[in-house]
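Participant: Provided below are the primary sequence and the corresponding predicted coordinates.
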Amino acid sequence: MGGSTQGGSQGPSRTMARLRSFGIALVPIGGLFLVWELIVGMGWVKAELLTPPSIAIPEVWRYFASGEIFSHLGASLRRGALGFAIAAVVGVPVGLFIGSVRWVSLGLSPVIEFLRQLPPLAMLPVFMLFLGLGFQAQVAIVIWAAIWPILLNTVTGALGVDERLKKAARTLGAGRREIFLQVALPAALPTIMTGMRLGASYAFLVLVAAEMVGADSGIGFIILNNQYTFKIPQMYAAILILACLGIALNYGLLWLERLLTPWRGNT
């Protein structure tokens, strides 16, 4: 009885703690919007150049009320999700393999370090040359941006697994498969999730830039198109939507990390 009561009380308290943290996080954002509004209201920056939140936020509502934004959001999410998924599916297993075999890690580290120094936007013309303007080149640039932080963090996580844990598992009769699934992978998972979050962030930023260059849809396209047509309030509204999308993506990955690593005691 006591255990169930305690478990039942932890749920609401944990929910209240998360809501409180969310409310606290909104305070500096509200302060930022207030400073933004004051800068324009006091005439330090012209409203034609920096649309204040009191005008930009209603434009966000109009975007959603008219349904105009959904096709652009869908286009960006399709490109980003596919590119990120491919980067994760390739980067995590390859990183685990490299990190688990020392001589492979030593041999490939210089190559990986060389390739990851090539900026994604510098690679965009190369992808366009091979894949043309359109969906494939945009997905390719997302893969390039996301795979390196995922791969490198996975390698780091695999290399950092305590050998004493592996020896203890072998003593208890665990084979290679059990050691990998029950010891190495859980131990490396927090570092892997850090790489996933970094990869998602980089991929998101690069995708928006790629959409400004070679796309006819997406959040990046609509931001640049509004700037070209001098629809400045709509441009800032699209930027705010982009920021909210990035925040949602980050919190989604944090939730996934808590789900996959419950032993860390994340609240």
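Facilitator: Structure received.
Participant: all helices for the protein, in order.
Facilitator: 2-41, 53-66, 68-100, 102-116, 120-131, 135-159, 163-171, 176-179, 185-214, 219-228, 232-260 (DSSP state H).
Participant: Looking at the ones you listed, spot the one closest to Ala47.
Facilitator: helix 2-41 (5.2 Å; Cβ to Cβ). Where C-beta positions appear, they are placed from N, C-alpha and C, glycine not excepted.
Participant: measure Met123 to Glu211 for me?
Facilitator: Per Cβ to Cβ, to the nearest Å, Met123 is found 16 Å from Glu211.
Participant: cool, Lys167 as well?
Facilitator: 50 Å.
Participant: Neighbours of the residue nearest to Arg170 when sequence neighbours are not counted, how many?
Facilitator: Nearest non-adjacent residue to Arg170, counting by Cβ to Cβ, 6 or more residues apart in numbering: Ile179, 6.9 Å away. Ile179 is flanked by 19 other residues according to other Cβ atoms under 10 Å.
Participant: before we move on, the earlier item: buried deepest among the helices of the chain, which one?
Facilitator: When you average the neighbours per residue for each of the helices of the chain (mean count of other Cβ atoms under 10 Å), helix 135-159 leads with a mean of 24.
Participant: I'd like the mean pLDDT over that helix, please.
Facilitator: What helix 135-159 shows for mean pLDDT is 92.
Participant: Who are the packing partners of it?
Facilitator: Counting by 3 or more Cβ pairs under 8 Å, 6 or more residues apart in numbering; DSSP states H and E, the packing neighbours recorded for helix 135-159 are helix 68-100, helix 102-116, helix 120-131, helix 185-214.
Participant: and of these, who's closest to Arg20?
Facilitator: helix 185-214 (22.9 Å).
Participant: Much appreciated, bye for now.
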